[in-house]
Every structure is written in C-alpha cells, then in structure tokens.
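Undergrad: show me the folded form of this:
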Amino acid sequence: MHRAVKSLLALAGAEIRLMRTLDGQVFGFEMKRRGQNVMRGNVIQCTVQNQPIYFFVTDEDDLIQREHVRGLFYEPEELEIIAKHFKGGTFVDIGAHVGNHSIFAAKFFGASKVIAFEPNPAAYLILKCNIALNGLESRIVHHAVGLSDQPGRADFITPRNNLGATRLSHCAEGAFTLARADDVLANDQVDFIKIDVERMEMKVLAGLSGTIARNRPPLFVEVESKSFPAFADFAKAKNYQFADEFSRYSGVINFLLLPK
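TA: Presented below is the predicted three-dimensional model:
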C-alpha cells in the first residue's frame, strides 16, 4: 500500500514520510510538495462491505472527510440510488473531490473504469492518494481540470471546512484549466455520469451534449434550485426521464435521469 503511494507522489513531484507510533506502527504520513509547505494527514483504515478501504484525511472538520474518519463513505443514500441504475462499464465522476464516489464505484459498483475530474489542487492531491491507497491506479483515470461549456480558465472559492463545496468561476486570467467533457471523453464509451459541480451543472451538461447523444448513459446530477427549470428543459430536449431523486441539503436536489 505505502509503496504505491510513494510511487504516485514521486510522479507528482512530492515527497512522503511515514508517521509511526513509538512501537513502530504506521498511523499516517506527511506529504511535501517540493518548495511548498508540508501537508499532514492520517490514513484511515476501515472495512466496508467486507472489503478493506483506506482514506487519507487532512481535515477532520471537512464535511466529507469527517465521514471518512468514521470509516464511512459520504452520501450513502445517493450511492444507493446510483447502484440501482449503474450496470457496469465506465463510470464518469465529474466533481470527484477526494474520490468518495470514484472509489466506491470501482470497489462496489463493479466499474471496469472510472474517469474522475477534479480541478481543486488540494482535493486532487487527496484524490490521487486515495486511489493509490486502495490499489486502483489501473482502473481510475483522473484529470485535474474543471468542466464547462467551453475551454478556458477559472478561479475558485472554497468555503471553510467544506472542500467539496468549491465553486468555480470563469476568469480569463484564472489559475485553473476548464475543458469541455466532449473533448476529453471523445474516445471513451461512457456508461454512467455523476455530476456534482456546485452551480455549474448546466454548463457542464452543455459541454457533454455529444457524449450524451453518443452513449445515452444514465445521469445523476446535483441541481441547484435556480437551475430546476433549465434542467427540466434539458431532460425533455435530450429525451430523458426523471427516475429518482434525493435532497440532502435545502435548495439542491440530486436527480437520476434515464434515457427514454
């Protein structure tokens, strides 16, 4: 496990030091990007559905990572909905954050391939660690880009203690890359798409039009209330039907769409 993490971080230009108790047991590690400050965290080992799972946690107060500290996957109700409609193949995770859904899809949904998109550097580094810790480097492809309706640049704002609520905004001089999913996924067979992008869902869907038309995959999309009418219009135009939904927080609903 730790050899895989060291190899992956070396490729990312990072160094790693294992943290041990007085009796020599490993309880976490420190990461250091060359020329940058140390990122400290703990490796959480747990068992889920009789399988060993590992999470790297840097902030125990973070909304998602505090579930990982407890040995739990975040959003179990949403994962249960996805499980009913994902029948295997390639799972696309747009807004992958630290890899909660990507790891679950590879471990428990039987996904033969996962394609994960996460533009936030802090979340992306943890995502890569979680992939390596769980031995999934050969099955999860990850992209450090945000998705939108057109290529470009963006900046983002991250609320305190909620890395997963990072919001992107187009900015010509922004520090981060935006791409169209159709361009990135042009050569992939796509069997399911999950989207959680904090108010950018309609732009992301616009950039997915070709992929959706070509593959007709089920879609699981977190939609903000202001976008409900536009999302309903999208579903009608693409000939999709509403099959399930779940609301965890006020003002947003996760919708499961199936092709008619």
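
Undergrad: would F255 count as being in a strand?
TA: Yes - judged by DSSP: H, G, I helix; E, B strand; the rest coil, F255 forms part of a strand.

Undergrad: which one is it nearest to, not counting chain neighbours?
TA: In space, and not counting its chain neighbours, F255 is closest to E245: 5.0 Å by Cβ to Cβ, 6 or more residues apart in numbering. For the C-beta atoms, the positions are set from N, CA and C on the backbone; glycine is no exception.

Undergrad: tell me where the protein has helices.
TA: Secondary structure of the chain (DSSP state H): helices located at 2-11, 65-69, 76-85, 100-108, 121-133, 181-184, 201-206, 209-215, 228-237.

Undergrad: of all these, which one is nearest Y249?
TA: Nearest to Y249 among these is helix 76-85 (11.5 Å), distances taken as Cβ to Cβ.

Undergrad: so what secondary structure elements neighbour that closest one?
TA: Applying 3 or more Cβ pairs under 8 Å, 6 or more residues apart in numbering; DSSP states H and E, one finds that helix 76-85 contacts helix 100-108, strand 192-195, strand 219-224, strand 240-246, strand 252-259.

Undergrad: averaged over its residues, what pLDDT does that helix have?
TA: The average pLDDT for helix 76-85 rounds to 97.

Undergrad: what do you get for stretch 132-147?
TA: 93.

Undergrad: for the helices of the chain, give me CSV that also has distance to I140 and mean neighbour count.
TA: Formatted as CSV, these follow (distance: least, Cβ to Cβ, whole Å; neighbours: other Cβ atoms under 10 Å):
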stretch, distance to I140, mean neighbour count
helix 2-11, 11, 15
helix 65-69, 17, 20
helix 76-85, 16, 15
helix 100-108, 6, 24
helix 121-133, 5, 23
helix 181-184, 15, 20
helix 201-206, 20, 21
helix 209-215, 18, 17
helix 228-237, 28, 14
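
Undergrad: among the ones you listed, which is nearest Q45?
TA: helix 121-133 (9.1 Å).

Undergrad: export the closest one to CSV, keeping only CA atoms.
TA: Once non-C-alpha atoms are left out, helix 121-133 reads as follows in CSV (Å, rounded to 0.1, in the frame of the first residue of the first chain):
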residue,chain,number,x,y,z
PRO,A,121,-5.4,21.1,-6.3
ALA,A,122,-6.0,20.4,-2.6
ALA,A,123,-8.8,17.9,-3.3
TYR,A,124,-7.0,16.5,-6.3
LEU,A,125,-3.9,15.5,-4.4
ILE,A,126,-6.0,13.7,-1.8
LEU,A,127,-7.9,12.0,-4.6
LYS,A,128,-4.7,10.6,-6.0
CYS,A,129,-3.6,9.4,-2.6
ASN,A,130,-7.0,7.6,-2.1
ILE,A,131,-6.7,6.0,-5.5
ALA,A,132,-3.2,4.7,-4.6
LEU,A,133,-4.1,3.6,-1.1
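
Undergrad: next, the angle helix 100-108 makes with it.
TA: 10 degrees (axes from the mean of the first three to the mean of the last three Cα atoms, to 10 degrees).

Undergrad: mind showing which ranges of the stretch 1-150 of the chain have poor pLDDT?
TA: Residues of the stretch 1-150 of the chain meeting the criterion pLDDT under 70: 1-39.

Undergrad: list the residues that contact the residue nearest in space to the middle of the chain.
TA: Closest residue to the average C-alpha location of the chain: A96 at 0.9 Å, with Cα atoms, centre = their mean. If a contact means Cβ atoms under 8 Å, 6 or more residues apart in numbering, then A96 has 102, 116-118, 123, 127, 142 as its contacts.

Undergrad: likewise E201?
TA: 195, 221-224, 227, 231.

Undergrad: if I look at it, how far off is V190?
TA: For E201, the distance to V190 equals 17 Å [Cβ to Cβ, to the nearest Å].

Undergrad: equivalent analysis for T177, please.
TA: Shown here: T177 relative to V190, a distance of 21 Å by Cβ to Cβ.

Undergrad: which of the two has more neighbours?
TA: V190 (20 against 14; other Cβ atoms under 10 Å).
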